[in-house]
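Chemist: sequence below, structure please.
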Amino acid sequence: DIILDFFSGSASVAHATMLVNLEKSSNRKHIQVQLPEPTNEKSDAFKAGYKSITEIGKERIRRAVKKIAEENPDKAEDLDLGFKVFKLDSSNIKGWDGNPDNLEENLFDAVGNIKNDRTE
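Modeler: Just a heads-up that it's a prediction; the model follows:
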């Protein structure tokens with residue numbers, strides 16, 4: 001099974017998935033998606049050094065992995081407790097300038113619409 005959480009927040013679904021895998025000796029995978037929304041400057045999370053919700057989720061996963069491994073060393077060695085983080089980059093496609101004064105140039109740019117420092 002693959003569990004997909006498009007609004008990961010503090011990564012509670014990731015934590016729960018790891019616990020279910022531990023309990024049932026299963027191998028469910030999880031994908032967490034969270035935009036790097038800033039935390040409120042008045043919040044406890046911000047004061048603790050978490051500048052975005054994404055940072056909170058990553059830290060929760062790290063702590064959950066550590067706790068599971070410490071409390072269940074025999075079972076944990078058979079679990080996949082690793083995770084990867086992928087970050088969304090800006091587009092490699094040149095933006096469209098809707099200014100009619102530059103229409104001819106914009107049309108030619110659309111033919112080769114990949115930014116100069118990028119590849120397809």
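Chemist: hmm, Leu22 is touching Asp80, no?
Modeler: No - counting by CB atoms under 8 Å, Asp80 is not a contact partner of Leu22; they are 11.3 Å apart. Any C-beta I mention is one placed from the backbone N, CA and C, and that applies to glycine too.
Chemist: these two: which is more packed in?
Modeler: For Leu22 versus Asp80, neighbours defined as other CB atoms under 10 Å are more numerous around Leu22 (18 against 10).
Chemist: where do the helices sit along the protein?
Modeler: 12-24, 44-47, 53-71, 73-76, 103-111 (DSSP state H).
Chemist: can you redo these as TSV with mean pLDDT and distance to Ile31?
Modeler: TSV is the format used below for the helices of the chain (pLDDT from 0 to 100; distance: least, CB to CB, whole Å):
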stretch	mean pLDDT	distance to Ile31
helix 12-24	95	9
helix 44-47	95	23
helix 53-71	96	12
helix 73-76	89	21
helix 103-111	78	34
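Chemist: for Lys94, see how far away the residue of the chain positioned farthest from its centre is.
Modeler: In the chain, counting by CA atoms, centre = their mean, Asp101 sits farthest out from the average C-alpha position, at 40.3 Å. Asp101 is 17 Å from Lys94, where distance means CB to CB, to the nearest Å.
Chemist: likewise for Arg60?
Modeler: From Arg60 across to Lys94, the span is 38 Å (CB to CB).
Chemist: ok, now Ser12?
Modeler: Distance from Ser12 to Lys94, by CB to CB: 39 Å.
Chemist: ok, Glu70 next?
Modeler: 50 Å.
Chemist: more neighbours, those two?
Modeler: Legend: neighbour count by other CB under 10 Å for Glu70 and Lys94, higher for Lys94 (15 against 9).
Chemist: so the more buried one touches Val111, yeah?
Modeler: No - applying CB under 8 Å, one finds Lys94 not in contact with Val111, separated by 10.5 Å.
Chemist: mind listing what's buried in stretch 23-39?
Modeler: Residues of stretch 23-39 classed as buried: 30, 32, 34, 39 (neighbour count, 16 or more other CB atoms under 10 Å).
Chemist: tell me the bridge partners for the second one.
Modeler: Meaning Gln32. Note on Gln32: beta-bridge partners Asp5, judged by DSSP bridges.
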